[in-house]
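**Q** Give me the fold of what follows.
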Amino acid sequence: MHRYLALSVILGVFVIQAQTPLATVTGLATDPSGSAIVNAAIALTNKGTGVKLTTKTNEAGAYSLPNLPPGAYSLIAEAAGFKKIEVEEFALSAFRTLRQDLKFEVAGVASDVTVTASSSTVIQVDTPSISSTLLHKQIVEIPTNLRSVMKNSGDSGLISGIMPITVPGVQQVGSGAKHSDLSNCA
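**A** Numbers count the residues shown, from 1 in each chain. Okay, here's the model as predicted:
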């Protein structure tokens, strides 16, 4: 009995840890010709806690720093014969993967490259998610597969009862719906 209890406690801890809201930083390190840079040193620092994580790029120039708590971070990358890259503070959100590709420049005299702006993209290439916002007018003008709302062809008939109620400013007219005041739509 005690074995089963101990086993269930251990498994419960793993399940709880597997559901934590962690983020990942990943990317590729390349030179000016687009070739991979092997063994580049990557250092990621959590600005809130001061915790510093380090890794090196693999033979394909790829790196990944998983299991990161959400927060503000900065990144420094160094490779022999190349200028140091510093990515200033950027935010990591829960359950997100941030791709930060590093394009090294050949070093002449000792110099540093600082990246000051980091923009987040709408399309996440490392995770299967796309975010978008629809305007009220776009929702009203979305085409449906209905030929006639009144004759109930092509749908369950729920649209004719729901559409005027759930979308403010939409009125049921004939075989469709129309927006009652187009001047307020953006």
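**Q** Now do residue 93 against residue 44, distance only.
**A** 15 Å (Cβ to Cβ, to the nearest Å). For glycine as for every other residue, the C-beta is placed from the backbone atoms N, C-alpha and C.
**Q** for residue 36, same thing?
**A** 20 Å.
**Q** of the two, who's got more company?
**A** residue 44 (21 against 15; other Cβ atoms under 10 Å).
**Q** Okay, and the beta partners of the more buried one?
**A** residue 53, residue 75 (DSSP bridges).
**Q** in terms of contact, does it touch residue 67 like I think?
**A** No: applying Cβ atoms under 8 Å, one finds residue 44 not in contact with residue 67, separated by 11.7 Å.
**Q** Run through the bridge partners of residue 71.
**A** residue 92.
**Q** Going along the chain, name the strands of the chain.
**A** Taking DSSP state E as the test, the strands found in the chain are 23-30, 41-46, 52-56, 62-68, 71-78, 84-92, 97-99, 102-103, 112-115, 123-124, 129-130, 170-173, 176-179.
**Q** if we compare those strands, which one ends up closest to residue 141?
**A** strand 176-179 (8.2 Å; Cβ to Cβ).
**Q** per-residue confidence averaged over the closest one?
**A** Per-residue pLDDT over strand 176-179 has a mean of 54.
**Q** What of stretch 46-61?
**A** pLDDT averaged over stretch 46-61 gives 94.
**Q** Which positions in it come out as buried?
**A** Residues 46, 53, 57, 61 are the ones in stretch 46-61 that count as buried (16 or more other Cβ atoms under 10 Å).
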